[in-house]
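Peer 1: sequence plus predicted model, see below.
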Amino acid sequence: MDADDVKRLTERIARLESFNQHLSRVVVVLLLVLASGVWMAAQRPTPKAAQRKKAAPPSPSVPKVVEAEQFVLKSATGQVLATLGLTGGGPTLRLVGPNGTDRAVVGLDATGTPRVALMRADASQPLVIALTPDGVPRVELVAPDKSAARLTIGAEGPGLGLVDPAGVVRLALDMKPDGPMMALIDKDKVTRASFNSIERGPNLVMFDGEGRSRMMLSVRNDQSAFNLQDSRGNVRAGLEVRADNPAFALYGPNGKPVFEKQ
């Protein structure tokens, strides 16, 4: 091997070393690109995982039955707005106003009779809707002085009563099966006058303080009559008109006429 051969071999080795260096750089770059692709693929969610991510989270299980002796509804500031619990032996829902007093109450008493009351700010009850123990519905409107109007609907029909502050019915209006009837009642619960209109005609009766009939006025299709009675209920004077013929009579204590005039 002469000097030229040695030179050519040296140049070839230098070229191989330069090629190896470039190849090493290329391999490193390719490895970096491949590693980056693998890392990005690992970070990207699979279609099922993405679908699970977009789906709404399952709602928490809700109990179907909640048992307690009382429920209290409060505002964000802690004010009681409503309560549901037992009062007077029955379930009661109370709606509470801003001043802390009940404004509406719905409940059952110990016998299961329902009652609804709307209240003023002073806790008085101007409107009450309830059932009586025998199942008769009643609506009561109460004034500030405790006087009231009561509407009931029983087996015989509707009835309206005007009540004084002491709780005594002073005027009663009822719809009976044979016609309407109105009664005026004093503070001692004694009926002093009644008016009814039946199929035969209207009747007006006035009573004394003991509840005894003392005067009666009636009108029929064929007659009209006016009678005055004593304390025992006996007619003592009577005026009657039949057709076109008037008649007047006075009666003794035994009911026998002592004077008659036609």
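Peer 2: Cool, got the structure.

Peer 1: only C-alpha atoms for contact and neighbour calcs from this point on.
Peer 2: Noted.

Peer 1: show me the shaky parts of the stretch 1-150 of the chain.
Peer 2: The model of the stretch 1-150 of the chain has pLDDT under 70 over residues 1-59.

Peer 1: please, where are all the helices along it?
Peer 2: With DSSP state H, counting those that start in this stretch, the ranges of helices along the stretch 1-150 of the chain come out as 3-43, 47-54.

Peer 1: do the same with the stretch 151-262 of the chain
Peer 2: Under DSSP H, counting those that start in this stretch, the stretch 151-262 of the chain gives no helices.

Peer 1: how about the strands in it?
Peer 2: For the stretch 151-262 of the chain, the strands defined by DSSP state E, counting those that start in this stretch cover 157-163, 169-176, 179-185, 191-198, 201-207, 213-219, 223-229, 235-242, 245-251, 257-261.

Peer 1: redo those as TSV? Include mean pLDDT and mean neighbour count.
Peer 2: Output for these, formatted as TSV (pLDDT from 0 to 100; neighbours: other CA atoms under 10 Å):
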stretch	mean pLDDT	mean neighbour count
strand 157-163	94	18
strand 169-176	94	19
strand 179-185	94	18
strand 191-198	92	19
strand 201-207	94	18
strand 213-219	95	20
strand 223-229	94	17
strand 235-242	93	19
strand 245-251	92	15
strand 257-261	89	12
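
Peer 1: now render those as CSV, adding distance to L131.
Peer 2: What follows is the strands of the stretch 151-262 of the chain, written out as CSV (distance: least, CA to CA, whole Å):
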stretch, distance to L131
strand 157-163, 14
strand 169-176, 18
strand 179-185, 23
strand 191-198, 26
strand 201-207, 32
strand 213-219, 34
strand 223-229, 41
strand 235-242, 43
strand 245-251, 50
strand 257-261, 53
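
Peer 1: to P98, which of those lies closest?
Peer 2: strand 157-163 (31.5 Å; CA to CA).

Peer 1: distance from that closest one to the middle of the chain?
Peer 2: 23 Å (CA atoms, centre = their mean, to the nearest Å).

Peer 1: one more: stretch 74-84?
Peer 2: Distance, centroid of stretch 74-84 to centroid of chain: 20 Å (CA atoms, centre = their mean).

Peer 1: ditto for stretch 206-217
Peer 2: 44 Å.

Peer 1: do the same with stretch 253-262
Peer 2: For stretch 253-262, the distance to the chain centre is 63 Å (CA atoms, centre = their mean).

Peer 1: just stretch 62-76 next, same as before
Peer 2: Relative to its parent chain, stretch 62-76 has a centroid offset of 20 Å by CA atoms, centre = their mean.

Peer 1: again, but for stretch 172-184
Peer 2: Counting by CA atoms, centre = their mean, stretch 172-184 comes out at 30 Å from the chain centroid.
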